[in-house]
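Sequence and predicted structure are below.
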Amino acid sequence: MPSIADQLSAALGDAFASLELPRELGRVTPSKQNPEVFPFQCNGAMPAAKQAKTNPRELAGKLVEFLHGLPQIGAAEIAGPGFINLRPAEHLYSERAAEIAADERAGADVVETPRKVMIDFGGPNVAKPMHVGHLRSSVLGDSLQRLFRFRGDEVVSDIHLGDWGLQMGHLITELEDEQPDLPYFDAAITDGYPSEPPVDIEDLARLYPQASAKAKSDEARLERSRAATAELQAGRPGYRALLKHFIDVSVAALKKDFGALGVHFDLWKGESDADPLIPGLVEDFKARGVAEESDGAWVVRVAREGDKKELAPLILVSKTGAALYGTTDLATILDRKQTIGPDLTLYVVDLAQSDHFEQVFRAAEKAGLAAEGALEHVKFGTVNGKDGKRLRTRDGGTFRLADLISSAIQRADERLKEAGLAADVGAEEHDRVARMVGLAAIKFADLQNYRTTNYVFDLDRFTSFEGKTGPYLLYAAVRVKSLMRRAEEAGVKPGSIQADAAEERDLVLSLDAFGAALDQACENRAPNTICDHAFTLAQAFSKFYSACPILSAEDDVVKASRLALAQATLKQLELCLHLLGMEAPERM
RNA sequence: GGCCCCGUAGCUCAGCAGGAUAGAGCAACGGAUUCCUAAUCCGUAGGUCGCGCGUUCGAAUCGCGCCGGGGUCACCA
């Protein structure tokens, strides 16, 4: 059974069709005008009348006339220039509520034709620890993979490690300066390297910035890194062995970090995995004339007729013979095409890289590696401090993601203690709850804004249990869980739902809107509509909860009905939390 | 300078497949608890939707031009 809104849309669609007008005009939306009397409205009569050059009110009159006989319609009226206000038929509330209550998916549909969707996100760099910039990609990407999967698409996520290119040359040469005697640097030695890595994660974190800073002011130093990069890419055994150590050390640390964040990847591939495909890809591009020579480099021209912006060519092979960022990305697209064959690939990467992806996508399309529109840059803005500028540490450095997370968990812990929550559950459980609250605070704060906006990071606000926050939603879910436990103790069982009170109806309508919220989140590749839905639902429940006694209701039938509503709400709320990468504890 | 993103209530942000009187949260003010977790609920106040012009019966939403903030512009990733 479709949602109430969809049933009304279908009815309106029929009405339009009966007048030989497009069904799409029948789209019904929630009404803000007078929702108690007419919760929905349809605005299609006005554009239709415009097109047909007739009077909109007259047209609306015909539509309403058609609606009168239909079983879904409780009432319909014309208002203003041609708005059609709608009230669903009485029986729809309890029918739809019963269905949501019985449905594992809480009323959300699956997609008609599942696609294979590749999601590339996270993108941490082997050479450096994760910083705030990785937060959005990770949180957003993870939510998107959960969402697409839930909707029935086949999803493959890939962390796409930054383990190739100049940064590796920096690491190698900087390590050589510190420990020149290591066998990796002796070109005469080509085998039998130590199995223990020569560095740990802190070394990596130190070496890269050192080298990068030197290279900025010292051209010769930069050239050394470039040369080392070229040698690495050419296959010098000692450098390859070092690369493997770097990756291993880094991945071990990253798995810990992402595990703590609750973020999962199907594939832990990196840029270096695409390397074997590069020579063939380059030859192919040259042979087919996709690439051409320019100033000693090989480039793919991607500018198009009628472009507003002047898009520079993508550099496939630099004049020193090195593969660049774009080359690796193209080879990765080829790799994925051969091994996975995605219908759609989403790159969850910050919007500063818009031009880069535009180049890569165009080059891929030009070369026939991907269909037009099959590659998509899901861009997002920056995380700012209260000053409105990029979030920095007090001394102006970049904020480590690990520090950010631990400070959120610590703040959550303080909040819990202030409120006397999660007090009698034991220290271990308390810490677990604090972790859930802290992560929920960060994730919800990140996801509730539309992804392209830059948002201000304010831990005090995010960790509050009041208002539109992750902790509020967790608490709302916990309250219902607690209610369900009490019901069980009292031997009360959920029964058939009868939505009579205004608060009960509003709650049903809120539950009904779940699918639409997911549709929109999917379409926009932005989970903020899920955040919004979860919050609206929690609010609708709060109103219901304060207005309609459940366990203390006098009538057993009412009691069972309201408990069923509470149970359905909990299920849908937990699904929302899950899709946002959050989890509510049993008690708080 | 070209291009991209952003500009909505005191603050943080939704809304932008054109639709009625522009929303939420926080902060402010007033009220509600013998009752299932008051971290709640009810109410009040708060707006030239950056500015201007245009398209339209109708513009926060679409187009053009400005202003302000951020980003980006071929051999880094």
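Perfect, thanks for sending it.

Compute the first-to-last residue distance for stretch A:458-474.
Terminal residues of stretch A:458-474 lie 19 Å apart, using C-alpha to C-alpha, to the nearest Å.

Please determine whether it lies in contact with RNA strand B.
Yes. Using C-beta under 7 Å from any atom of the strand, stretch A:458-474 reaches RNA strand B at A:Asp458, A:Arg461, A:Ser464, A:Phe465, A:Glu466, A:Gly467, A:Lys468, A:Thr469, A:Pro471, A:Tyr472. The C-beta positions use only the backbone N, C-alpha and C, and glycine is treated the same way.

Need those residues in JSON lines (columns: neighbour count and distance to A:Asn449).
JSON lines is the format used below for the residues of stretch A:458-474 next to RNA strand B (neighbours: other C-beta atoms under 10 Å; distance: C-beta to C-beta, whole Å):
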{"residue": "A:Asp458", "neighbour count": "13", "distance to A:Asn449": "12"}
{"residue": "A:Arg461", "neighbour count": "14", "distance to A:Asn449": "13"}
{"residue": "A:Ser464", "neighbour count": "17", "distance to A:Asn449": "16"}
{"residue": "A:Phe465", "neighbour count": "21", "distance to A:Asn449": "20"}
{"residue": "A:Glu466", "neighbour count": "9", "distance to A:Asn449": "19"}
{"residue": "A:Gly467", "neighbour count": "10", "distance to A:Asn449": "14"}
{"residue": "A:Lys468", "neighbour count": "18", "distance to A:Asn449": "11"}
{"residue": "A:Thr469", "neighbour count": "21", "distance to A:Asn449": "13"}
{"residue": "A:Pro471", "neighbour count": "26", "distance to A:Asn449": "17"}
{"residue": "A:Tyr472", "neighbour count": "21", "distance to A:Asn449": "16"}
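
In helices, which of those appear?
A:Arg461, A:Pro471, A:Tyr472 (DSSP state H).

returning to what we had before: got the residues of stretch A:458-474 next to RNA strand B as a markdown table, with pLDDT columns?
What follows is the residues of stretch A:458-474 next to RNA strand B, written out as a markdown table (pLDDT from 0 to 100):
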| residue | pLDDT |
| --- | --- |
| A:Asp458 | 92 |
| A:Arg461 | 93 |
| A:Ser464 | 94 |
| A:Phe465 | 93 |
| A:Glu466 | 91 |
| A:Gly467 | 92 |
| A:Lys468 | 94 |
| A:Thr469 | 95 |
| A:Pro471 | 95 |
| A:Tyr472 | 95 |
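
what's the closest of those residues to A:Phe185?
Nearest to A:Phe185, judged by C-beta to C-beta, of those is A:Asp458 at 47.6 Å.

phi, psi of the closest one?
Backbone torsions of A:Asp458, given as degrees, to the nearest 10, read phi -140, psi 100.

Apart from its chain neighbours, what residue comes closest to it?
A:Lys386 (6.4 Å; C-beta to C-beta, 6 or more residues apart in numbering).

if I pick that neighbour, what's in contact with it?
For A:Lys386, the contacting residues are A:Val456, A:Phe457, A:Asp458, by C-beta atoms under 8 Å, 6 or more residues apart in numbering.

That one: what secondary structure?
The three-state assignment at A:Lys386 reads coil, by DSSP: H, G, I helix; E, B strand; the rest coil.

Which residues are in contact with the spatially closest residue to A:Phe150 that is not a sequence neighbour?
Closest residue in space to A:Phe150, ignoring its immediate chain neighbours: A:Leu579 at 6.1 Å, by C-beta to C-beta, 6+ apart. In this structure, A:Leu579 makes contact with A:Ser143, A:Arg146, A:Leu147, A:Phe150, A:Leu518, A:Pro527, A:Ile530, judged by C-beta under 8 Å, 6+ apart.

now with 10 Å?
Remark: with contacts taken as C-beta atoms under 10 Å, 6 or more residues apart in numbering, A:Leu579 is in contact with A:108, A:142-147, A:149-151, A:447, A:517-518, A:521, A:527, A:530-531, A:533-534.

My guess is A:Thr455 contacts A:Ile442. True?
Let me fix one detail, which is that residue A:455 is Tyr and not Thr. No. The pair A:Tyr455 and A:Ile442 fails to qualify as a contact (C-beta atoms under 10 Å) at a distance of 11.5 Å.

between the two, who's got more neighbours?
Taking other C-beta atoms under 10 Å, A:Tyr455 and A:Ile442 do not tie; A:Ile442 has more neighbours (27 against 17).

residues near the closest residue to RNA strand B within the stretch 201-350 of chain A, how many?
Across the stretch 201-350 of chain A, the shortest distance to RNA strand B (C-beta to the nearest atom of the strand) belongs to A:Ser318, at 2.6 Å. Neighbour count of A:Ser318, defined by other C-beta under 10 Å: 18.
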